[in-house]
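**Student:** Give me a 3D structure for the following:
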Amino acid sequence: RVRFGGRHGAWLSRRAICSNVQYLSPAARSSGWCTRFPERQVCAILPGVKEGDRIGTYVLEAPIARGGMGEVWRARHPTLDRHVAVKFIRADLRETEDIREAFDREVRNLSRLHAPQTVQVIDSGVVDDHPYVVTEFLEGEDLGVRLRRETWLPPSQVVWLAIEVLKSLSEAHALGIVHRDLKPGNIFLQRLRATDGDRDAVKVLDFGVAKLIDPAGEDEATLWPGAALKGSPRYMAPEQIRGTRIGPAVDLYALGVVMYRALSGEPVFKGERDAVLRDHCERSPEPLRDRAPLLDIPERLDAVVQQCLAKDPERRPMNADLLRRTLEELLPDLSDGRDLIELEGSLTLGAPPAHRPPPASLQPPTVPGTPRLVIGTDPLAATQEFSSIDIWMELLSSNTDLAAPPAASPGPASPGPGSPGLESPGP
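**Tutor:** Numbers count the residues shown, from 1 in each chain. This is a model prediction of the structure:
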């Protein structure tokens, strides 16, 4: 153990020191923070990396993410002047043999995935006995960030997202790889440059806790040791929670949960972790059209999502390709003003319209002669800000029309400024 902060500081374990010493500033590391071991000894326990270090031919520029098993850095190829993402085992785990073997196995299997909708492996190697893998560097944001900003997405965008994700899953399942951790944070919306403006393309990330299934169904392996119970509670299938035999159906269940969240603006089940896990195993989800009645979710789309969320894996869609074809049949009937174009092997989504129109059910009919109340410029913003359908329902149930006032109709010419008997219009 090492004491941080002098005599009255906290004792930290060797693992905690190894995990965090690399993030201390040089001044802090050399000013007596480590009172039991000198800085060089702490760093010798596990040398970290820093900006400017080289991993193979790549120069590290900045950390991107840090997870339970590895770190990801943005790096630059010095001769090609191209940004890439470099992932390597976390410093405090590099000497663990089974972790090293799992990392090598993950790299080998992910290098077999070539669908444009899956993040692509570019290179791999070993530096100072430390393995690393290089993938394409993506510009944009993940679906989780998008949903935190937008709250919910139009049905056409959700169907497009699901179709692209299913193209990635289809290839992975055919190779015996089950993702097991599909969630908004692992669905990336890559920004692509195009002559008619930026477009979004979908990339599935992080196969780190994926399951490898033997085609004969006899031998199963997990990419990361100890990952049998890994996953995100809000997106885990019942059989995954119970620890029974799993297959590709767990990814279709997770995709159904993602679609439910994106369409309704709310998770399928709410509450603490244990309650959510129990609900996934026992409770039937509320239909989308009942959860969000004002968002005009098509009945057929609601039925597809409910099928994905079936407790019994046998009752879910047979495979990713079948589900994709079902959603493709729905897509032509859905439109939100954004165009879909095939670009670089992916079905990309164009820029949003200047004004996102609210669903028809959020546009109350206009009654001639009724007083009008205007709240801001977009009545949908109130729903997004307060995240409460109840407030909006109460407003709609009144005689108040919340739509924007129409342009003034032509009529008799108004008297000019200063005409007798008229007051200046208010703000």
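**Student:** after the lowest-mean-pLDDT helix or strand in the chain, next one along is what?
**Tutor:** Lowest by mean pLDDT, DSSP states H and E among the helices and strands of the chain is helix 39-45, with a mean of 32. Going down the chain from helix 39-45, the next helix or strand is strand 54-55, by DSSP states H and E.
**Student:** And the contacts of that next one?
**Tutor:** Contact with strand 54-55 is made by V49, L60, W73, A75, V86, F88, V127, Y132, as judged by Cβ atoms under 8 Å, 6 or more residues apart in numbering. C-beta here means a position set from N, CA and C on the backbone, and glycine is covered the same way.
**Student:** and stretch 284-292, how far apart are its ends?
**Tutor:** The first and final residues of stretch 284-292 sit 16 Å from each other (Cα to Cα, to the nearest Å).
**Student:** How about residues contacting that stretch?
**Tutor:** By Cβ under 8 Å, 6+ apart, the residues outside stretch 284-292 that reach it are 152, 260, 263-266, 268-269, 297, 299, 301-302, 305-306, 309, 311, 389.
**Student:** Could you identify the buried members of those residues?
**Tutor:** Taking 16 or more other Cβ atoms under 10 Å as the criterion, what is buried in the contacts of stretch 284-292 is 152, 260, 263-266, 268-269, 297, 301-302, 305-306, 309, 311, 389.
**Student:** just curious, which of those residues is nearest to T326?
**Tutor:** For the buried ones among the contacts of stretch 284-292, the residue nearest T326 by Cβ to Cβ is L301; the value is 9.8 Å.
**Student:** Only alpha carbons, please: show the host helix or strand of that closest one as PDB.
**Tutor:** Assigning secondary structure by DSSP H and E places L301 in helix 299-308. The C-alpha coordinates for helix 299-308 follow below in PDB (Å, rounded to 0.1, in the frame of the first residue of the first chain):
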ATOM      1  CA  GLU A 299     -48.500   0.300 -34.300                       C
ATOM      2  CA  ARG A 300     -46.500  -2.100 -36.500                       C
ATOM      3  CA  LEU A 301     -43.200  -0.700 -35.100                       C
ATOM      4  CA  ASP A 302     -44.500  -1.000 -31.500                       C
ATOM      5  CA  ALA A 303     -45.300  -4.700 -32.200                       C
ATOM      6  CA  VAL A 304     -41.800  -5.300 -33.600                       C
ATOM      7  CA  VAL A 305     -40.200  -3.800 -30.500                       C
ATOM      8  CA  GLN A 306     -42.500  -5.800 -28.200                       C
ATOM      9  CA  GLN A 307     -41.400  -9.000 -30.100                       C
ATOM     10  CA  CYS A 308     -37.800  -8.200 -29.500                       C
END
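**Student:** Which strands or helices does it pack on?
**Tutor:** helix 155-174, helix 249-264, helix 288-291, helix 320-330 (3 or more Cβ pairs under 8 Å, 6 or more residues apart in numbering; DSSP states H and E).
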